[in-house]
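1. what follows is a predicted structure for the sequence shown.
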Number of protein chains: 4
Amino acid sequence: MNFISDNTAGASAPVMAALMAAQDGVASAYGGDEWTRRVEALFADIFERDVAVFLVASGTAANALALASLTRPWGAVITHEESHVADDECGAPEFFSDGAKLIGLHGAGNKLSPESVAQALGRFREGALHQVQPQAVSITQATECGTIYTPAEVAALKQAGAARGLRLHMDGARFANALVTLGCAPAEITWRAGVDVLSFGGTKNGAWAAEAVIFFDSALAGEMRWRRKRAGHTLSKGRFLGAQFEGLLRDGHWLGLARHANAMATRLAEAVTAGAICRLAWPCEANEVFLVLSGPLQAALKQAGVAYLPWSDRALAEGRGLTPDEIVGRFVMSFSTRAAEIDRLIGVLEPARR
Amino acid sequence: MNFISDNTAGASAPVMAALMAAQDGVASAYGGDEWTRRVEALFADIFERDVAVFLVASGTAANALALASLTRPWGAVITHEESHVADDECGAPEFFSDGAKLIGLHGAGNKLSPESVAQALGRFREGALHQVQPQAVSITQATECGTIYTPAEVAALKQAGAARGLRLHMDGARFANALVTLGCAPAEITWRAGVDVLSFGGTKNGAWAAEAVIFFDSALAGEMRWRRKRAGHTLSKGRFLGAQFEGLLRDGHWLGLARHANAMATRLAEAVTAGAICRLAWPCEANEVFLVLSGPLQAALKQAGVAYLPWSDRALAEGRGLTPDEIVGRFVMSFSTRAAEIDRLIGVLEPARR
Amino acid sequence: MNFISDNTAGASAPVMAALMAAQDGVASAYGGDEWTRRVEALFADIFERDVAVFLVASGTAANALALASLTRPWGAVITHEESHVADDECGAPEFFSDGAKLIGLHGAGNKLSPESVAQALGRFREGALHQVQPQAVSITQATECGTIYTPAEVAALKQAGAARGLRLHMDGARFANALVTLGCAPAEITWRAGVDVLSFGGTKNGAWAAEAVIFFDSALAGEMRWRRKRAGHTLSKGRFLGAQFEGLLRDGHWLGLARHANAMATRLAEAVTAGAICRLAWPCEANEVFLVLSGPLQAALKQAGVAYLPWSDRALAEGRGLTPDEIVGRFVMSFSTRAAEIDRLIGVLEPARR
Amino acid sequence: MNFISDNTAGASAPVMAALMAAQDGVASAYGGDEWTRRVEALFADIFERDVAVFLVASGTAANALALASLTRPWGAVITHEESHVADDECGAPEFFSDGAKLIGLHGAGNKLSPESVAQALGRFREGALHQVQPQAVSITQATECGTIYTPAEVAALKQAGAARGLRLHMDGARFANALVTLGCAPAEITWRAGVDVLSFGGTKNGAWAAEAVIFFDSALAGEMRWRRKRAGHTLSKGRFLGAQFEGLLRDGHWLGLARHANAMATRLAEAVTAGAICRLAWPCEANEVFLVLSGPLQAALKQAGVAYLPWSDRALAEGRGLTPDEIVGRFVMSFSTRAAEIDRLIGVLEPARR
C-alpha cells in the first residue's frame, strides 16, 4: 500500500484511449494541432468565457511560467511559506522570473488570510527604491494540507491586494479535487473571485504529464508563447498534451476522477474518526488525509509496509499539539486508489489504536 | 502529403505498447521508478560504458540543460550559425545558462570545421577580461541540412578546442538517423570521438515526448538534477518518460525506426536524381531531402497539396547557385512515412521536371 | 540637522587629497594601476594574510557579487530577515546569483543565532531535489540595528553551518565602526572566526564610492573578475577606487574616522540615558542610535527640523514594548558629524522629555 | 608615451574642482541630491527637451542598462559584431537583459548600414516562435574604429528598423568626440535622428567615473530606477556622480575637452599623412588614430617605449590590405594628451618610415 502522493499513479483509461486515438497520422507541431484547439474550446466551456490556454508537461513549469507572467525581476509574489511554489520547486519561480522574490507568510492550514497579505504589503512600501515590489499573490487550491479556499476567501485575498494592483495566481495542481468539494462552477472559484491565472492540474488528476496555464485576462498572456518556448516547454508533438486533456475533460471525466479520489480520502477520514483511531491534523477537504500517528500506529504501518509521507514539521509549526511520540503522516488518494486499499489500511490501523 | 518535419508524426506502436503496460500500479515519482532504471541500463549497454542519464520531454530542454552544464554565464558556446541551439530555440540556451553567448560560425552543409573553430578561438582570447570565454563546442548530428559528421570529423572538432579545454556537445535530435547511416557503434561517434554530452533524441525517432541528456563524463552531471528540477523538466510521473524510451530502445526498435525513415529519404533522393527531376541542395545522408525546386515543380507541389518547408536562405547563404525562380524545399521522412507516399510525391514531381 | 544616514556625508579630506594626487598622469585601466596594487598590499597588512581583493563602487554590488560567489542559482543564503541584502537591495543578490534564494530569519537586534541557523537547515534537507540548497550564511557587522557580533558569536555561526559546508559572508558596510568598538584585530573578527568573504565598506566610512570584496579563501575568488566585469562594476579608471582606499587606509585613517563617528553616537546615547530623555531601542554599539520617541519628542524634533529615519517596524516586530504614541527613530553619525550637532540635538530633545 | 586608450588618463581640473566643492555638508543619498538635479537640467538644456537621466559609474553599466530597457529576454539587439556591447563587455548586455541575444553584423569601419540591418531582420521573422525577436539596434558614436555616423546615417538606421518597431540605442562613450567633429547640435545627432536612448560618456571625456543613460522617450525609463538599483549602480553618495557631471557640462567644458583630444588625433593623422610616414587604416574622425605600422615603425615604437593597442584583426577582417609584416596600431588621445607628446611620437615614427 502506497499513499505517498497522487503522482505515484499511472494514467486513467480514457487518457490512454485518447492517446491511442491520436497515435497515427500527421499533425502540425508545437501546439498547432487540432487536439489542442479542441482542448482550448473545452476550457472555454468549462470556465464559461474566453481563456488563453497554454499546455505544458509539468506543474512546476505551469506555476513558474504563470508567476513569471505576473512579475518583473524586481517584483515579489506573496504566498504561503509552505506553498509548492515557495518550498517544493527548487527555485523554479525565481529562475523563470529572472530573480523575483517569493514572500512566504505564515498561515494555518497552509492558507493565506487577507490580514497577513495586508501586513506583508505594509512591509514592502509601494514604489520604494530599495525593496522588491509585490506584484502578485499566489494561493494553492487545494492546499498542501488538503484544505480549500471558498470563493469568498479567494475574493477577499484579491481584494487585499487590489489597492496595490496585485494579480492573483491559483496553483490548481489539485483544482479538480477542490472543485468537487466546493460543488461550485469553475468560474465561481476562479475568475469571478478574482483569479487572473490558474495552473490547471491534469497530471495528479489522471493524465501522464499534462498541465494547463489558463489566463483569464488575455492581456497577461501576450508574451507567454515565447516564455514557454525558451523554457523548453513547447512540446513539438503538441497533440500529446492535447489528447491527454481531451481524454480528461470530455464528458466531465476529470470531475469523476476527482470525486473518486476525494471519496477515498473521506472514507479513510471518516473511518479513523468514527473508530476513534486517531486525530486528523487538518480537516479532510479534498483527496489528502493527515493522520496524527501515535507510536503504536507508526509501528503497525511500518510492519504492514504502508508507505506515507511524514508531515510533522508543518503541524508542529502551527502548534497542533503533537506529543513527543506522535508524528503526522500524509495519505493521498488518487483516481486509481481502490476502496479495498482504504479498508485494508483501516484494518492495519484499527488494532493499534490506543 | 506532409513532409514538413519528422515531428508531425505520432508515436510508434511499441512506444504506445510500453505506455499501456505502464499504465497501472504505483511507482515512485520524479524519476525514482523502475522504467527509468531500466532505461539507464539500456543506455549503458548501447554506449558500452557507464553514463549519467537525465530524461526530459523536449529537445530544446535537453540541449539547453546540456549547454548550461558546460558553460558559465560568462562563457560561450561555439556552434554553427544555423544550428538548432542558435537559431530555433528562442534563446533557451541563453536562458538556461544565465546568459552565456552562442558564437555562430559559417560552414557548408551546416557543419563546423576545425579551422573555423580555431579561428573563432583566436577572436576570443583566453582569460581576457572583456570577452566571454569559449567553453564548449556544440554540433548537430545529423545536421539541420541532413548531413552527418564522421567519427574522424567529430574527433577533429574536439581536438580543435582541446588546448582551451572546450567541452563537446552533440545535439542528437536525429542521432539515430545519423547512426544507421554511419553504421558504426554509438560509442564510436560519441565519447570515443570526444563527445562529453549528448542530447539523445527520442521524439523525432518515434516517441511522444522523450529526450535524454547523456553525460559521458559523470563529473559534469553533478548539478544536473537541480538544473532539471528548477526548469520544470523533472516530470512527476517519470515512468512516462522511462516507458517511452523502453519502448524505443528494446531490441533495437529505435534503429529500425531510423532505418525506415532514412530509407524513405533515400527512395526520394534516388528517384529525383535517377529521373533527373531536380538537384539536391545537400547530399541525403539521413532522413531529410533538400530539393532545388524550379517554378514548375513548385506549382506542381502546390496543386497537389504537398506540404514542405522552404529552406532557400541557407542554400543561398552557402552560394549553392539557385536561379531566381528556384527555391529549396525541405522534405523530412519519419518512422511513419510510407513508401507509397514517396511514390506519390515522385508522381507529382516527375511530370513537372523541365 | 540631518541624521538620516552616514551616506549623506561627503568625503573625508585625506580621501580627497589622495584623489587629487592621482589626478594626473597615465595609469593602466580596469584595476591594472599602482593604486590598486598598493591597496591590495594594505589589505594584506590589515588582515595579516594574503587576500584576494576586488574594488567596486557600491555596497550593494559588493554584497551581491560576494553572495553570487558563494552560491549556485539553486542555492540559498541564510540571513536575517531585515538584513540589507534581504531587504534593502531590491533583489540584487537574486539578480547577481541568477536566482538564488535568501532565507530570512527572525533574531533580536538584527542578529542571527546558531540555533536559528540550525533550525533553518532543518527545514531545507541536504540534497533534497525539491528544495533550494543552503550554501552560505550572511551576517551584517555592525547590524542594521547598530549592534555587533563578537568573534565568538561569528565563530558559532560558522560552526552552525559547518556540517553542511556553509560559507560565511560578512556585510561590513560599517565594518570599521564595529571593529573600533570590539577593539580586536581585523583578522580576529573575520577569517580567524570563520568569515570567508567580507564586504569591506569604504563609502560610509568616508570615501565617495569605494567598497572592497575581500576573499580570505582565494579559491572562491577565481571567477570574480568575470562576475564583476559583466556586472559593469570593473571601473575603467580603476585608480579612482584605489586612490580613495589609499586615502582611507593609510596610517589608520579609516579607524580614526570610525572612532569619531562612534564617539558621536555614544555622546548622544549617553546624554539621553543620563538625562532620562528617552529609552534606546537597542544598545548603541557602533555609530547608530535608536531612540524611542514619545509624542512630545517627535514634535520637538519636527519643529527643529531634525531629519532622522523612522524605524518602528523592526522594534515592534521584536516586541520592544512601544506604547501607541511612541516611535523609534534612527540617528546615524558619520565621520563628519560634529559634537556641536549632537549637543544641539540634545538641546532639542531635553526640554521635551516627559 | 602611452596611447593605449583614453581611459588611462585621470580627471580634468574642473571635475576635481566640482568634487572638492561637493566634499562637505549633508546631501540626500541615492540621487536625491541637488547636484543630480542640476545635471538633469543641464542635460535638458543640452538636448533642448525633457529627458530622463540616470547617472552610473561605468560605461558597461550604462550600455547594459539601456539595452535591457529596450529588450525582453527573448529579444535581440542588432549591432556591429565588433561593437563594445558585443565584444568588450563580457556578456553584460546578456546579463542585464536576462538573456537577450546580440546579433553581430559585419560592416566597414565598425559601422552598420541600413541594408545589413534589413538583411538581419529578414533572417529573424517577426512573431516567429522559434527565434528571438529583434527589438533594438545599437550603434556606437564614435565607433571603435574612430569613425562617426552623420545624422542622416543614424536616421536611416532607425528607418531600417521602423517597420518592426525597433528602438535605437547609441553607445556614446565618445559622444563628445563625435559631436565636435560633426559640429551639429546634440539633439540633431540623437533624438531628432531617431535615437531613443543614449549612453552619454563622461569618463573618457574627463571624469573619474561618470556616465549617463539618457532616455528621450520617458516611457522607456519607467523601470530603470529598479534596474539600476538591483544592479548595484545606484550609488549612495549620488552627489559624487552629479558633481563630476556638473564639472564637465558647465560652460561647455566637455566640448572643449573633446575638441582638444580630437585636435591631438588630427595632429598625428595629418603629420603621418603629410610626412608619408604610413597609411591610416580608417579615417581619423574623432580622437583615435589607426596607423598601419611596418616592421621598422613597430621596432621604432618598441625601442622608444611607446604604448599602443594592436588592432590588426579588425583591419584584416575588413580586407584592408595589410602586408604580412604590417600591423595596425590604435593610438587614442584624451583630454590630457599634450601636443608635445604627439610631436615626440612623430619624432619616433619619422626616421623609421620606409
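-> That came through fine.

2. helix, strand, or coil at the residue in the stretch 51-200 of chain A that chain B sits nearest to?
-> Among the residues of the stretch 51-200 of chain A, A:Ala61 lies closest to chain B, at 3.1 Å counting by Cβ to the nearest Cβ. In this view, the C-beta of every residue, glycine as well, is placed from N, C-alpha and C. Using DSSP: H, G, I helix; E, B strand; the rest coil, the three-state assignment for A:Ala61 comes out as helix.

3. give the contact list for the closest residue to A:Ala13 other than its chain neighbours.
-> In this structure, A:Ala13 finds its nearest non-sequential neighbour in B:Gln23, 7.7 Å apart by Cβ to Cβ, 6 or more residues apart in numbering or on different chains. Going by Cβ atoms under 8 Å, 6 or more residues apart in numbering or on different chains, B:Gln23 touches A:Gly10, A:Ala11, A:Ala13, A:Met16.

4. which member of those residues is positioned nearest chain B?
-> When those are compared against chain B (criterion: Cβ to the nearest Cβ), the nearest one is A:Gly10, at 4.5 Å.

5. thinking that closest one is in contact with A:Ser334, fair?
-> No: the criterion here is Cβ atoms under 8 Å, and A:Gly10 misses it with A:Ser334 at 9.3 Å.

6. and the contacts of the host helix or strand of A:Ala120?
-> Element membership for A:Ala120 (DSSP states H and E) is helix A:114-123. Identification of contacts with helix A:114-123 by Cβ under 8 Å, 6+ apart yields A:78, A:103, A:105-107, A:134, A:137, A:156-157, A:159-161, A:164, A:166, C:313.

7. quick one: buried residues of it?
-> A:Pro114, A:Ser116, A:Val117, A:Ala120, A:Leu121 (16 or more other Cβ atoms under 10 Å in any protein chain shown).

8. could you dump the residues you listed to a markdown table with pLDDT?
-> Below are those laid out as a markdown table (pLDDT from 0 to 100):
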| residue | pLDDT |
| --- | --- |
| A:Pro114 | 98 |
| A:Ser116 | 97 |
| A:Val117 | 98 |
| A:Ala120 | 96 |
| A:Leu121 | 96 |
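
9. what's the closest of those to chain D?
-> Distances from chain D to the buried residues of helix A:114-123, taken by Cβ to the nearest Cβ, are shortest for A:Leu121, at 17.4 Å.

10. what parts of the stretch 101-250 of chain A come near chain D?
-> Applying Cβ under 8 Å from any Cβ of the partner chain, one finds that the stretch 101-250 of chain A approaches chain D through A:Leu129, A:His130, A:Gln133, A:Glu223, A:Arg225, A:Trp226, A:Arg227, A:Lys229, A:Arg230, A:Thr234.

11. in strands, which of the residues you listed appear?
-> A:Gln133 (DSSP state E).

12. report the buried members of the residues of the stretch 101-250 of chain A next to chain D.
-> Buried among those (16+ other Cβ under 10 Å): A:Leu129, A:His130, A:Gln133, A:Arg225, A:Trp226, A:Arg227, A:Lys229, A:Arg230, A:Thr234.

13. what is the nearest of these to D:Val306?
-> A:Leu129 (47.3 Å; Cβ to Cβ).

14. okay but the closest one is in contact with D:Arg225, surely?
-> Yes: counting by Cβ under 8 Å, A:Leu129 does reach D:Arg225; the two are 5.9 Å apart.

15. identify the contacts common to those two.
-> By Cβ under 8 Å, 6+ apart, the residues touching both A:Leu129 and D:Arg225 are D:Thr234.

16. residues of chain A that sit close to chain C?
-> A:73-74, A:87-91, A:94-95, A:98-102, A:122-123, A:129-132, A:313.

17. if we use 7 Å, what do you get?
-> A:73-74, A:87-91, A:94-95, A:99, A:101, A:123, A:129-132, A:313 (Cβ under 7 Å from any Cβ of the partner chain).

18. so which of those are in helices?
-> Residues of the residues of chain A next to chain C located in helices (DSSP state H): A:Asp87, A:Glu94, A:Phe95, A:Arg123, A:Asp313.

19. confirm A:Leu168 sits in a strand?
-> Yes: counting by three-state DSSP, A:Leu168 is found in a strand.

20. which residues does the host helix or strand of A:Ala243 contact?
-> Assigned by DSSP H and E, A:Ala243 falls within helix A:239-249. Residues outside helix A:239-249 that contact it (Cβ atoms under 7 Å, 6 or more residues apart in numbering or on different chains) are A:14-15, A:17-19, A:22, A:27, A:33, A:35-36, A:38-39, A:42, A:46, A:55, A:57, A:202, A:205-208, A:210, A:212, A:235, A:253-254, B:208-209.

21. select from those every entry located in helices.
-> A:14-15, A:17-19, A:35-36, A:38-39, A:42, A:46, A:253-254.

22. out of the residues you listed, which one sits closest to D:Ile277?
-> Using Cβ to Cβ, those come closest to D:Ile277 at A:Thr36, 70.1 Å.

23. could you find the closest non-adjacent residue to the closest one?
-> Per Cβ to Cβ, 6+ apart, closest to A:Thr36 is A:Gly242, 3.9 Å.

24. overlap between the residues of the stretch 101-250 of chain A next to chain D and the residues near chain B?
-> A:Trp226, A:Lys229, A:Arg230.

25. can you put the residues you listed in CSV and add pLDDT and distance to D:Ile189?
-> Shown next, in CSV, are those (pLDDT from 0 to 100; distance: Cβ to Cβ, whole Å):
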residue, pLDDT, distance to D:Ile189
A:Trp226, 97, 34
A:Lys229, 98, 38
A:Arg230, 97, 36
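
26. out of those, which comes closest to C:Trp191?
-> The nearest one, if we look at these relative to C:Trp191 and count by Cβ to Cβ, is A:Arg230, at 42.2 Å.

27. which of the contacts of helix A:114-123 count as buried?
-> A:Ile78, A:Ile103, A:Leu105, A:Gly107, A:Pro134, A:Val137, A:Ala156, A:Leu157, A:Gln159, A:Ala160, A:Gly161, A:Leu166.

28. my read: A:Lys229 touches D:Leu129, true?
-> Yes: applying Cβ atoms under 7 Å as the test, A:Lys229 and D:Leu129 come out as touching, 5.4 Å apart.
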